[in-house]
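Trainee: Sharing a model that was predicted from the sequence below.
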Amino acid sequence: MQHLTTNEKQTFNLAKKIAKKLKGGEIIGLIGNLGAGKTIFTKGLAAGLGIEQTVNSPTFILMKVYPIRNLNSDIKNLIHIDAYRIKSEQDIIAIGAQEYFARPDTVVIIEWADKIKKILPKKTRFVNIKNKEGDKRIINI
Ligand code: ADP
Ligand code: MG
């Protein structure tokens, strides 16, 4: 499915809407250039999951765990991975990220997912974000 957004808020809201459909166990792989909107998308997804904590790019720490305390939700954690600075898939394996890939109570979202495609499960759903003129973005889900 293809979406066009023309500002940051629309990308945020698109991801927020998508979050409402998640059941847990999903892995979302974001692909797009620097500045495409991968972190904005992640912030929207987190908001949709009821996370109030500020979500920032985990570039320097590779992975961040956001607990979800909403009693009405089966999803207990959002894992945010940013593969921008990794040298190889081994870096992701080393921090134990794969442990989360099979957890039914967890949603994993990965920026620069194309860099670690080899170790991502088959069920991974990729979201491609492409920069267009100005603030336009084409988002393929
Ligand atoms: P990435 O994580 O892909 O490097 P960010 O989400 O950190 O990118 O940043 C995207 C930048 O692009 C932000 O500064 C945001 O304000 C801007 N922007 C402009 N238009 C859009 C849009 N339609 N969707 C998402 N971000 C947008
Ligand atoms: Mg980012």
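Mentor: Good, I have the coordinates. Ligands and ions are numbered 1, 2, ... in the order given.
Trainee: contacting residues for the residue in the chain positioned nearest to ligand 2?
Mentor: Across the chain, the shortest distance to ligand 2 (C-beta to the ion) belongs to Thr39, at 3.5 Å. From N, CA and C alone the C-beta is placed, and that goes for glycine too. Each residue near Thr39 by C-beta atoms under 8 Å, 6 or more residues apart in numbering is listed here: Val55, Asn56, Ser57, Glu111.
Trainee: how much space between the third one and Gly35?
Mentor: Right, the one you point to is Ser57. Distance of Ser57 to Gly35, given as C-beta to C-beta, to the nearest Å: 11 Å.
Trainee: The two: which has the busier surroundings?
Mentor: Ser57 (15 against 11; other C-beta atoms under 10 Å).
Trainee: What is the burial count for the closest residue to Phe101 other than its chain neighbours?
Mentor: Nearest non-adjacent residue to Phe101, counting by C-beta to C-beta, 6 or more residues apart in numbering: Pro121, 5.4 Å away. Counted with other C-beta under 10 Å, the neighbours of Pro121 add up to 11.
Trainee: what's the answer for the one 5 residues further on, then?
Mentor: The burial metric for Phe126, expressed as a neighbour count using other C-beta under 10 Å, is 16.
Trainee: Show me the beta-bridge partners of it.
Mentor: Taking DSSP bridges as the rule, Phe126 bridges to Gly29.
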